[in-house]
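> The amino acid sequence is not available; the structure is as follows:
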C-alpha cells in the first residue's frame, strides 16, 4: 500500500472520531425530524403564499396579491391587531403573575423548592382542552362564578360579559401559560449569585431597590424568554378563542383555518400564516429591545 | 477622638438550629485599627463578620458601631461596607458603574459622582478600567474593584471576607502590602477575616483567634505568636514543640515546672490557665532552637540525633530525636551556616533561650 492511499483513509477516520462528527451524529435524528416536519412545511407554506387559487386548481405563477389582501383587507388587519394585542396582554399578565411566584420559590422556597415546582406543573397533568373547557364552566352564564356571586347576594342576575369575548380568551390563556413563564424566570433567578444581592444591600439598597437594581436586571434573560414563550404561540392560538372567545374573541388562526378549510384558498391562508410569523418575530424583537432599554434606564 | 471604640460587641451569639456558630463573643475594635479574625473554616469568623455587616441577625447579644446601637439595623443602615470573598462584582454593570453603585443613592451631580469614582479607581491603581465589564477583569482587578466600590462610600468600617484567598501566592503577597498601605492612607477601621495566619500576623494591629464559635485569644500579632495561651492557638499560628511538664510550685502569676531535658523552669501563667492533674504543657517554637556548630558553646544546650530533614530553599527543617522526649524536636535553621548539609543520623547540639519557652493551657 502506498503512502498516498493511507493518508485519506487516516483522515476520514480522524474526521469520524472528531468532536464535530460526534456532535452531528448526536443531533442528526432531531435535525432530520426538524427538517422534515418544520423546515419543509414552512418552505411549502411560503411557496404557496406566492401562488394563487384558481377555483379547484393552484395557479403556480408568482403573485403578491395574497399579501396585498392579507395586509389591506380590513377584516384581516383587524384580526392581526386583535391577535397581537391579546397575546401582548396575555404575555404581560402572565409574566407579571409568574415573576412573584418564581421569585418566591427561588428566594423563599427553602428546602421545598422542588415540591413547589412540582405543584406549579400539576395543571399539565390534565389535558389542555379540559383546562380550557373548565373555564367555560367557571365563567359561563350558569357557571361557578355567576352562581357563586348570586348565592352570596352580590349580584342579582348573571353577568353575561364573562364568557365569549376577548377577556375570556385572556383569562384562559394566562392560566394555560403561567407555568411556562414561571420556569424560565425561576431558572434565571436561581442563577443569581446571592452575594450580589448582599453587595447591593451593603452599598445602601433597600429591599425594593435591590430588587429593581440587581435582581430584575440579572433575571432579565428569564423574563424575556418567558415573555416570548408565551407571546409567540398565543398569537396563533386556535383552540382557546374557538371555545371561549365567541365572535369578539376570534383571532387570526381562525381565519387561517377557514382559508385552508371551507374557503379553500390555500395561497391566502399561507400568506396570512407567513404574515403572522413575520409580525410575531418583529414584535418579539421590539419587545426584547424594549426590555433592555427599560433595564438600562433604572440602573 | 473619644474613648468609645468603633465597634463594641457584647455577648454575641448566633445559632443555626442546634448548631451554635457563634458562642457568647465580646470584643471591642478601636477606630483606625486593622483588626483580623483568624481561625480554621467553621470557627465562626465569617458569621461574626456578617453579623457586623448586618446580613444576619444575632440570636443574642448586641453590636454597637461608632457609638450607635446597631443590633437591629439592616446592612444598608450601617456605616460599614464589605469586600466579599468572591468580590460580588455586578456582572450587568461596567467597572465605573460598579464603583459608583452606592453613590447613586446620594444623588450627586454627574461630575461629582464621576470624580469620586475616578478617585477611588486611582486609589486602587485601576485608573483606566472604568468602561471594562466585570467578566473582562482578572482576579486581582476584580479584587481592586471590590475595594474601590466599598471605599468610595467612605465607610466607618471596612469589612473584608477572605479577600485574598482566591489569588495566587505572588499576587496575594503584593495585595497584602497594598492593603496595609491603603488602610494607613485612608485611616478607616478594617476588619479582616482570614484563615491564613501569616496574612493575619503581617497585616493586623490586633488579631482574634477563633475556634468553635469562641475567641480563644485576642492580642497583637507578636504577643499571639510568642505567648499563645492555649496549645490550640500555638498550633494554629505555626510550628510549636510541645513538652509535657510536671508542676513543682505555683505562686500567683508564675509557675515552676520540671521539664524533661529542659530542666526546671519558672514561667508566667497565661490568661485563664488551668493545670490538669499537676501537669502542664510548655512549648518552644522551632526557630528558637539553634544548631551549635563546631566547638561553639551555649549556656543552655540539648544533644540529639537528626531523625528526618526537609529542605525549603532558604531554610531547612529538622526533626531531632532527643533522649527522654516523647516526640522529636522540630527545628528550623536558615541555610547560611550549613544546616542544609546535615544528614539524617548526625549527632548535633542545640542551643535555646529559656525565655523562649512558654506555658500554655492544654486545650487542643
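In hand now; what should we look at? Computed from a predicted structure; not experimentally measured. Numbers count the residues shown, from 1 in each chain, chains lettered A, B, ... in the order given.
> only C-alpha atoms for contact and neighbour calcs from this point on.
Noted.
> Next up, identify which helix or strand the closest residue to chain B within the stretch 51-200 of chain A is on.
Of all residues in the stretch 51-200 of chain A, the one sitting closest to chain B is residue A:196 (5.1 Å; CA to the nearest CA). Element membership for residue A:196 (DSSP states H and E) is helix A:194-202.
> For chain A, what lies in contact range of chain B?
Taking CA under 8 Å from any CA of the partner chain as the contact definition, chain A meets chain B at A:193, A:195-196, A:198-206, A:214, A:217-218.
> Give me the residues contacting the helix or strand residue B:184 falls within.
Counting by DSSP H and E, the element that carries residue B:184 is helix B:169-186. By CA atoms under 8 Å, 6 or more residues apart in numbering or on different chains, the surrounding residues in contact with helix B:169-186 are B:34, B:140, B:164-165, B:189-190, B:199, B:203.
> Can you tell me which of these lies closest to residue B:288?
Among the contacts of helix B:169-186, residue B:199 lies closest to residue B:288 (CA to CA), at 21.4 Å.
> Nearest residue to the closest one in space, please, no chain neighbours.
Spatial nearest neighbour of residue B:199, excluding adjacent residues (CA to CA, 6 or more residues apart in numbering or on different chains): residue B:176 at 7.3 Å.
> Tell me how many other residues surround that neighbour.
17 (other CA atoms under 10 Å in any protein chain shown).
> Need the pLDDT of it.
Looking at residue B:176, its pLDDT is 92.
> Same check on the one 5 residues further on?
We have a pLDDT of 93 for residue B:181.
> Equivalent analysis for residue A:6, please.
57.
> Look up phi and psi at residue B:109.
Main-chain torsions, residue B:109, degrees, to the nearest 10: phi -70, psi 160.
> ugh, typo on my part, it should be residue B:206
With angles defined as degrees, to the nearest 10, residue B:206 sits at phi -140, psi 150.
> and what of residue A:225?
Dihedral angles (degrees, to the nearest 10) for residue A:225: phi -70, psi -40.
> Name all residues that make contact with it.
Contacts of residue A:225 (CA under 8 Å, 6+ apart): A:181, A:184.
> Let's check: the centremost residue of chain A is which one?
Residue closest to the mean C-alpha point of chain A, counted by CA atoms, centre = their mean, is residue A:230 at 3.0 Å.
> Who are the contact partners of the closest residue to that residue other than its chain neighbours?
Residue nearest to residue A:230 in three dimensions, not counting chain neighbours: residue A:91, with 5.6 Å by CA to CA, 6+ apart. Residues in contact with residue A:91 (CA under 8 Å, 6+ apart) are A:174, A:227-228, A:230-231.
> what about residue A:91, which helix or strand?
helix A:74-108.
> For the residue in chain A that chain B sits nearest to, list the residues it contacts.
Going by CA to the nearest CA, chain B is nearest to residue A:204 of chain A, at 4.1 Å. By CA under 8 Å, 6+ apart, the residues touching residue A:204 are B:75-77, B:102, B:105.
> So how do I select the buried members of the residues you listed in ChimeraX?
Restricted to buried positions by 16 or more other CA atoms under 10 Å in any protein chain shown, the ChimeraX selection for the contacts of residue A:204 reads:
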select /B:75,76,77,102
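> Quick check: phi and psi on the residue of chain A closest to chain B?
For residue A:204, the backbone dihedrals (degrees, to the nearest 10) come out as phi 110, psi 0.
> returning to that earlier point: now the residue of the stretch 51-200 of chain A closest to chain B: closest residue in space, sequence neighbours ignored.
residue B:88 (5.1 Å).
> low pLDDT regions in chain A?
Residues of chain A that meet the criterion pLDDT under 70 lie in A:1-7, A:299.
> How about chain B?
Residues of chain B meeting the criterion pLDDT under 70: B:1-2, B:275-276, B:363-364.
> Show me which residues of it are close to chain A?
With CA under 8 Å from any CA as the criterion, chain B comes near chain A at residues B:53, B:55, B:75-77, B:80-82, B:84, B:88-90, B:92, B:101-102, B:105, B:150, B:153.
> Quick check on these: which are buried?
B:53, B:55, B:75-77, B:80-82, B:84, B:88-90, B:92, B:101-102, B:150, B:153.
> Surely residue B:40 is in contact with residue B:197?
No - using CA atoms under 8 Å as the test, residue B:40 is too far from residue B:197 to be in contact (9.7 Å).
> For the helix or strand containing residue B:319, name the packing helices and strands.
Taking DSSP H and E as the criterion, the element that holds residue B:319 is strand B:315-321. Counting contacts by 3 or more CA pairs under 8 Å, 6 or more residues apart in numbering or on different chains; DSSP states H and E, strand B:315-321 is packed against strand B:301-311, strand B:329-334.
> Pull up the pairing partners for the first one, direction included.
Within its sheet, and counting by DSSP bridges, strand B:301-311 is paired with strand B:315-321 (antiparallel), strand B:347-351 (antiparallel).
> what sits up against the shortest one?
With CA under 8 Å, 6+ apart as the test, strand B:347-351 has contacts from B:289-293, B:298-306.
> Pick the one among those residues closest to residue B:27.
Using CA to CA, the contacts of strand B:347-351 come closest to residue B:27 at residue B:289, 35.1 Å.
> Can you get me a residue count around that closest one?
Residue B:289, neighbours per other CA under 10 Å, totals 22.
> Between helix A:74-108 and the helix holding residue A:196, find me the angle.
If you take axes from the mean of the first three to the mean of the last three CA atoms, to 10 degrees, helix A:194-202 sits at 90 degrees to helix A:74-108.
> Tell me which other helices or strands the very next helix or strand once past helix A:194-202 touches.
Where DSSP H and E defines the elements, the next helix or strand beyond helix A:194-202 is helix A:207-210. Packing contacts for helix A:207-210, counted by 3+ CA pairs under 8 Å, 6+ apart, involve helix A:194-202.
> So which elements touch the helix it packs on?
Counting by 3+ CA pairs under 8 Å, 6+ apart, helix A:194-202 packs on helix A:207-210, strand B:80-83.
> could I get those as CSV with distance to residue B:8?
Formatted as CSV, the helices and strands packed on helix A:194-202 follow (distance: least, CA to CA, whole Å):
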stretch, distance to residue B:8
helix A:207-210, 27
strand B:80-83, 14
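> Skipping adjacent residues, who's closest to residue B:50 in space?
Spatial nearest neighbour of residue B:50, excluding adjacent residues (CA to CA, 6+ apart): residue B:56 at 6.1 Å.
> Phi first, then psi, for that neighbour.
Note on residue B:56: backbone dihedrals following degrees, to the nearest 10 are phi -130, psi 160.
> what about it, distance to chain A?
For residue B:56, the distance to chain A (CA to the nearest CA, to the nearest Å) stands at 11 Å.
> Is that residue in contact with residue B:46, as I believe?
No - assessed by CA under 8 Å, residue B:56 is found out of contact with residue B:46, at 11.0 Å.
> from the buried ones among the residues of chain B next to chain A, which ones fall inside helices?
B:53, B:150 (DSSP state H).
> quick revisit: compare residue B:40 and residue B:197 (neighbour count), which wins?
Per other CA under 10 Å, whichever of residue B:40 and residue B:197 has more neighbours is residue B:197, with 20 against 16.
> wait, what's in contact with the nearest residue to that one once chain neighbours are set aside?
Distance criterion CA to CA, 6+ apart; nearest residue to residue B:197, sequence neighbours excluded, is residue B:237 at 5.7 Å. Residues counted as contacts of residue B:237 (CA under 8 Å, 6+ apart) are B:197-198, B:225.
> For residue B:237, grab phi and psi.
phi -90, psi 20.
> Quick check: it vs chain A, distance?
30 Å.
> burial measure for residue A:95, as a count.
26.
> where's it relative to residue A:169, distance?
Computed with CA to CA, to the nearest Å, the distance linking residue A:95 and residue A:169 is 16 Å.
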